[in-house]
Structure formats: structure tokens, C-alpha cells
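Participant: Show me how the following folds:
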Amino acid sequence: MKQRSERNGERGFSMVELVIVITIAMIISVMAIINLQPSILNAKCDAAMKQVVDQIRQAREYAIANRRYVQISFPTVGSQPQVVITQMNTLTPGAGLANPVLSTVTIEGPTTYYVMPGLLDTPDAYGNGGAIYFGGVTNGPVGGMLFQSDGELVAAATFLPINGSVFMGIVGTPTTARAISVLGTTGRVHAWKSTGTAGASWNQF
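Facilitator: The predicted structure is shown next:
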């Protein structure tokens, strides 16, 4: 009888004990996911910002290497922000020359082109009147903007250098605020990251 009693005590967890252990494990997992969520969103925005920076730099380098005007634009198709690079073989509509699209990159979601309410402009101070803000104009100057063979970013209509910024983030999540600024005379690109606090300054990424 004694041996049989000892065997019964070694059978393992009861169903109630298993349910309690599983419930505790699930609670811990949910808490971990909630705590990691801000880090995941910030990482997504960092990746999206790097995509835009890479495309701007590639457009400039292509213009210099191939001695061509290269247009860069930042459309939003549906809800998906994009960066489009186009080789401009002609700036005259109907001239009979094609302007091939070199690259169309869709930015990793859920990041969008967006200016967080209450945030200051970047230290480069090129303006923050819109998510895409070049030459003091939301969405850029009429006719678009081009990199030319010396690396300058110019307005297509005037060929004068223009500065500008691209603002990004996840709507409703201020800590995901990101920005890219471009100096027209050199094509220099800066990437910026903010804590998202109203009135806060930017840190260079």
C-alpha cells in the first residue's frame, strides 16, 4: 500500500495547476508584447526613414554619375507613401523623349508622410509647413524638383537650388516623429529623430 501511494503522488500536475501555469504564462506574454510595442514602432519608423534617405542619396549619385537631371518625388498612393526617382531626358512635354522611372520604393508601413502636431522644425530650419516641404512649398515647387549633375537639388521651373524636408511618423504616436532635410546647394542629407514631445528639439540620427 505504501508503494502505491507514492506512485500516485508522482503522477504530475493536476488540470487545475496546468491551467493556472498557462494563464500566468499568457499574462506575462501579453505584458511583454505591450511593453515592446513602442520599441517595435520606433524600429519600423527608423527603417522607413532610412529607405527615404537611401533613395534621396541614390538619386543624387545617379545624377552626378550619369550627368542627367533626376527628378525625385514623394507621392502617397492610396495610403502607401512612396519615393519615385525619374531620369529626365527632356524637361519639355511632348518633345518625344521618354523619361524613364528608375526606381519606385514603397515605404514600410505603418509610417506615413506626416508632421506631428506641435513639433518644432528641424535644426536645419527649412520649414515644416507640410510633410513634404521644399522651397517653402507644400509637396514641393510647381514642376517638381531635380538633382542636377553637380549634385544640387533645384526647382525644375527655375533651376535655382531649393532646401526642403520630409517629415514622417505614425499618426497618434508622437515618439515616432522622424525627418529628413536636404540642402539644395550641395544635396547634403540629414536624418532627424525626435522624442515627439511638443516643442522638443530634434536629434541627428
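Participant: Only C-alpha atoms from now on, for both contacts and neighbour counts.
Facilitator: Fine.
Participant: quick one: secondary structure of Ala25?
Facilitator: Classification of Ala25 using DSSP: H, G, I helix; E, B strand; the rest coil returns helix.
Participant: What mean pLDDT does the single longest strand found in the chain get?
Facilitator: If you go by DSSP state E, the chain has its longest strand at strand 173-183. The pLDDT scores in strand 173-183 average 94.
Participant: can you give me the angle whatever helix or strand comes next after that strand makes with strand 173-183?
Facilitator: Of the helices and strands lying after strand 173-183 in sequence (DSSP states H and E), the nearest is strand 188-194. Using axes from the mean of the first three to the mean of the last three C-alpha atoms, to 10 degrees, the direction of strand 188-194 lies 170 degrees away from that of strand 173-183.
Participant: hmm, who's touching the longest strand of the chain?
Facilitator: 41-42, 45-46, 49, 52-53, 115-116, 122, 124, 126, 153, 162-170, 188-197 (C-alpha atoms under 8 Å, 6 or more residues apart in numbering).
Participant: Stretch 190-205 now?
Facilitator: 49, 53, 116-120, 122-123, 173-182.
Participant: next one: stretch 159-167
Facilitator: So stretch 159-167 is contacted by 113-115, 126-128, 130-136, 152-155, 177-185 (C-alpha under 8 Å, 6+ apart).
Participant: In ChimeraX, how would I select the buried members of the residues you listed?
Facilitator: The ChimeraX selection below is limited to those of those classed as buried (16 or more other C-alpha atoms under 10 Å):
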select :113,114,115,126,127,128,130,131,132,133,134,135,136,152,153,154,155,177,178,179,180,181,182,183,184
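Participant: who touches Ala157 in this structure?
Facilitator: Counted by C-alpha under 8 Å, 6+ apart, Ala157 has contacts Val142, Gly143, Gly144.
Participant: did I read that right, Asp46 in a helix?
Facilitator: Yes: with three-state DSSP as the criterion, Asp46 is located in a helix.
Participant: got a list of what it touches?
Facilitator: So Asp46 contacts Arg178 (C-alpha under 8 Å, 6+ apart).
Participant: Give me the distance between it and Ala179.
Facilitator: Asp46 is 10 Å from Ala179, where distance means C-alpha to C-alpha, to the nearest Å.
Participant: cool, Gln51 as well?
Facilitator: Counting by C-alpha to C-alpha, the gap from Gln51 to Ala179 is 12 Å.
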